[in-house]
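S.K.: model this:
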Amino acid sequence: MDNGSYLVSAIVSTYNSEKFIRGKIEDLLEQTLQDRLEIIIVNSGSKQNEHSIISEYLDKHKNIKYINTSERESIYKAWNRGIKASTGKFIANSNTDDRLRNDAYEVLANVLADNPSVALVYADQYITNVPNQKFKDVQSKEINVAPEFNRIHQFERCIVGSQPMWRASLHFDDGIWFNEKYEVCGDHEFELNISQKYELLHHNEILGTFYKCPEKKNKEYENPKRTMDEVYEITLNYMKKYIRTLDNSELDKLISYVKKWIESPVYFSGIFRKILYRVKSNYMPSLEFIYILAALLATEHSGDLNRAKSYCEKFLRVRKSPRILHLYSSLQITKSPVIK
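M.R.: Model (predicted):
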């Protein structure tokens, strides 16, 4: 990383995205940051015509860097490659099919500048099924309202969305990079990794669009099993790490909270939690997630493999859950270390 004059580096990875790449570049060039925005495009061996389209912009716009690899790379390897070539203080991944409000990067950069304890910021998005639709032209009323940051909620699902901004120092000072073994959920793993040490922040404003392909060609839909396998592996690993970091008073509080739900029948607990959620209108872990947490507390805190299995079995008798089935299968073949 060089100490250049750019405030934000936007990383664009493209593979067979010819129909989106021109609109992506134009969208970024319209950002209010203008000359303070560095655009780094990584062409990962695309078989389409992105190279010719990107080349049209290189002489006119000196803030665009272009990296063209001969072979296809995973998106996370491409992002790491682009980040290593970046010079901005802040980093944002910029997917070819998503679009931004014209001041989105300026807003997010200001949030990070004003909140030095925050490592990553994320905002809300419109959801559109119209390709290359600019932010100002969106007619959809469907909005992806991101939740406030919560450690437990983050284990249950990816809460950040596809258009965050984070500090470059996470890579160059802390050595936190995208794990290139993942194909779909590496960004979620990256965010969980960050949150072990730093705060994340939800900025309550709609700053972009998420293109939801009507034919379900978004990456996460291509291979649902692979996507879910990555989710299970990542979240279980980080939940175990989280439990191991808790002191005795924190553990006692978490165990007490979990017990009051799992000691009741699954069916009635589920109904009551739905009612309570509507009343409180904020995040409350699903009952499925509480049973996962209970099983992990049993193994990580008490070393009680049989109790962990019994929690899984109790839930599965009432409702089928691929995630709990995955955990139950792992409990058959391994035993986690006991917290001392």
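S.K.: need the pLDDT of S269.
M.R.: On the pLDDT scale, S269 is placed at 52.
S.K.: three-state assignment of G208?
M.R.: Secondary structure, DSSP: H, G, I helix; E, B strand; the rest coil: G208 is strand.
S.K.: next, the contact list for it, please.
M.R.: By CB atoms under 8 Å, 6 or more residues apart in numbering, G208 lies in contact with D98, R99, L100, R101, A104, A123, Q125, Y126, F135, S162, Q163. Quick note: C-beta positions are derived from backbone N, CA and C, even for glycine.
S.K.: who wins for neighbours among those?
M.R.: R99 (30 neighbours; other CB atoms under 10 Å).
S.K.: now, the contacts of G208 that are in strands?
M.R.: R99, L100, A123, Q125, Y126 (DSSP state E).
S.K.: what is the most widely separated pair among the residues you listed?
M.R.: Distance extremes for the ones in strands among the contacts of G208: the farthest pair is R99 and A123 at 13.3 Å, using CB to CB.
S.K.: check which helix or strand covers I67.
M.R.: Per DSSP states H and E: I67 is located in strand 64-69.
S.K.: where are the low-confidence patches of this protein?
M.R.: 1-4, 215-222, 264-283, 333-340 (pLDDT under 70).
S.K.: for it, which segments count as strands?
M.R.: Under DSSP E, the chain gives strands at 8-14, 37-44, 64-69, 90-93, 99-100, 118-128, 143-144, 165-167, 199-211.
S.K.: most packed of those?
M.R.: Comparing the strands of the chain by mean neighbour count (mean count of other CB atoms under 10 Å), strand 99-100 ranks first with a mean of 28.
S.K.: what packs against that one?
M.R.: In terms of contacts (3 or more CB pairs under 8 Å, 6 or more residues apart in numbering; DSSP states H and E), strand 99-100 is packed against helix 18-29, strand 199-211.
S.K.: parallel or antiparallel, which strands does the last one pair with?
M.R.: To tie it back to what came earlier, the one meant is strand 199-211. strand 99-100 (antiparallel), strand 118-128 (parallel) (DSSP bridges).
S.K.: what helices or strands is the strand holding I67 leaning on?
M.R.: For strand 64-69, the packing partners by 3+ CB pairs under 8 Å, 6+ apart are strand 37-44, helix 50-58, helix 75-84.
S.K.: can these go into TSV with extra columns for distance to I290?
M.R.: TSV is the format used below for those (distance: least, CB to CB, whole Å):
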stretch	distance to I290
strand 37-44	40
helix 50-58	46
helix 75-84	31
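S.K.: which of these sits closest to L7?
M.R.: Nearest of the helices and strands packed on strand 64-69 to L7, taken as CB to CB: strand 37-44 at 7.2 Å.
S.K.: by how many degrees do the closest one and helix 75-84 diverge?
M.R.: 140 degrees (axes from the mean of the first three to the mean of the last three CA atoms, to 10 degrees).
S.K.: export strand 37-44 as PDB, just CAs?
M.R.: This file holds the C-alpha atoms of strand 37-44, laid out as PDB (Å, rounded to 0.1, in the frame of the first residue of the first chain):
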ATOM      1  CA  LEU A  37     -11.700   7.900  -5.400                       C
ATOM      2  CA  GLU A  38      -9.400   5.200  -6.800                       C
ATOM      3  CA  ILE A  39     -11.100   2.500  -8.900                       C
ATOM      4  CA  ILE A  40      -9.300  -0.800  -9.200                       C
ATOM      5  CA  ILE A  41     -10.700  -3.300 -11.600                       C
ATOM      6  CA  VAL A  42      -9.600  -6.900 -11.500                       C
ATOM      7  CA  ASN A  43     -10.500  -8.900 -14.600                       C
ATOM      8  CA  SER A  44     -10.300 -12.500 -13.500                       C
END
